[in-house]
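J.: fold the following.
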Amino acid sequence: MSEIRPEKLSERLQAGDDGLLVLDIRHEEEYDDWHIPDSVNVDVYDQLTDDPNAAKDALGDLPDGMEIVTVCTAGIVSQTATDVLQELEYDAETLTDGMNGWSRVHRHAPVPVDLDDTLVQVARPGKGCLSHVLISDGDAVVFDPSQYLEEYEAILEDYDAELVGVFDTHAHADHVSGAGELADRHGVPYYLHPEDALAIDATPVEEGQTVTVGQLDLEVIHTPGHSEGSVSFDIGGAALITGDTLFHTSVGRVELGVEAGIEDADIEGNAATLYESLQRLLDRSDDTVVLPAHDPGSPDPPVTATLGEVRERNEDLERDREEFVRELASDIPEHPPNFERVKRTNVGQESIPADELADLELGPNNCAAE
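T.: Prediction:
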């Protein structure tokens, strides 16, 4: 069996390997919804499952001289595609675990920010998720970690840092948080606002609270709207960790907690609350670096923008209060996959077996309002 690991494919794509062709054989609508950037879609899924020989005409038109990596959801039907391509004398291999495997890939890089300390961004290209590790005087905290904790453990080891706390900016709806487990491993506090820690024993963070990490003081800013317990963090006046409250070109959705059945608020009320939260974030220097918890597409770290740049790019910030509320409450994008169960898991209201967690969060990130 000819396979390539997701991490190896990620490295080669990052390096700009122009001898590589990523071939996605899923149905066109699945590809359009979620795929590896710069991959090519040839929808032969049904032919490959019913009669692989019937796929030869479509697959025989691929360019010669390329190394072809086949992709499906779990790496099973794509292995049949690889077999067919090899019969056609192409150099082909299968992406191990398909898009499931791609979803586990993480990349990290330092964030250029005006601090004497170190801030590392961890990007998950298959989910569009961003998390951050702050290191000051040998102490470290992690914001919004995924469930794949080895990525964060490796960064702590690389910087010889001691973990002193783990934060979630809110109870996420698109991916399963690893914050509680990471905190438990190291015997440190797991910080989450009480409005989102519905059935979780977490250390509360509240408006105006200061948390000290090494030589830095982190200011907690309660920024509800996307969720009732959403918070942002001001890092030494140089950076803002904004979670799903403020993205570079959009803002957080306002209906997910309501539709998941864990909030009593109404959608229009959440939109009005989010508008007020944003005004409090915007009352800062244009040089402040904005670091959200997500970025559309396939983020390659570091993904950054100054607050001044965000003001220019983000059309949501140009709306007055009435228009803002009307647009966010009425224009509802497609929901993240399984968002109800993911959200309930992250507030502690549902327990998912470990072997089901990875499948629960598969699919695109849809936490932005637009």
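
J.: point out where the stretch 251-370 of the chain drops to low pLDDT.
T.: 257-258, 260, 333, 364-370 (pLDDT under 70).

J.: could I get the full set of strands for it?
T.: For the stretch 251-370 of the chain, the strands defined by DSSP state E, counting those that start in this stretch cover 289-292, 305-306.

J.: partners of the first one, with directions?
T.: Strands adjacent to strand 289-292 in the sheet, as given by DSSP bridges, are strand 239-243 (parallel), strand 305-306 (antiparallel).

J.: how about it, which residues are buried there?
T.: The neighbour-count check on strand 289-292 (16 or more other C-beta atoms under 10 Å) flags 289-292 as buried. Where C-beta positions appear, they are placed from N, C-alpha and C, glycine not excepted.

J.: would you turn the residues you listed into a markdown table with distance to residue 111?
T.: Putting the buried residues of strand 289-292 into a markdown table (distance: C-beta to C-beta, whole Å) gives the following:
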| residue | distance to residue 111 |
| --- | --- |
| 289 | 7 |
| 290 | 11 |
| 291 | 7 |
| 292 | 12 |
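
J.: quick one, which of the strands paired with strand 289-292 is packed in tightest?
T.: Burial of the strands paired with strand 289-292 is given as mean neighbour count (mean count of other C-beta atoms under 10 Å); strand 239-243 ranks first at a mean of 26.

J.: what mean pLDDT does that strand have?
T.: Here strand 239-243 scores 98 as its mean pLDDT.

J.: just give me how far it sits from the chain centre.
T.: 14 Å (C-alpha atoms, centre = their mean, to the nearest Å).

J.: residues in contact with that strand?
T.: 111, 113, 115, 119, 132, 143-144, 167, 169-170, 223, 226, 230-235, 246, 252, 281, 284, 288-293, 307 (C-beta atoms under 8 Å, 6 or more residues apart in numbering).

J.: report pLDDT for residue 164.
T.: 98.

J.: what comes up buried for the helix or strand that contains residue 58?
T.: Assessed by DSSP states H and E, residue 58 sits inside helix 56-59. Residues of helix 56-59 classed as buried: residue 59 (neighbour count, 16+ other C-beta under 10 Å).

J.: who are the packing partners of it?
T.: With contacts taken as 3 or more C-beta pairs under 8 Å, 6 or more residues apart in numbering; DSSP states H and E, helix 56-59 sits against helix 77-87.

J.: what element comes up after the helix it packs on heading to the C-terminus?
T.: Heading C-terminal from helix 77-87, the first helix or strand you meet, by DSSP H and E, is strand 91-95.

J.: just for the stretch 1-150 of the chain, where's the confidence low?
T.: For the stretch 1-150 of the chain, the ranges with pLDDT under 70 are 1.
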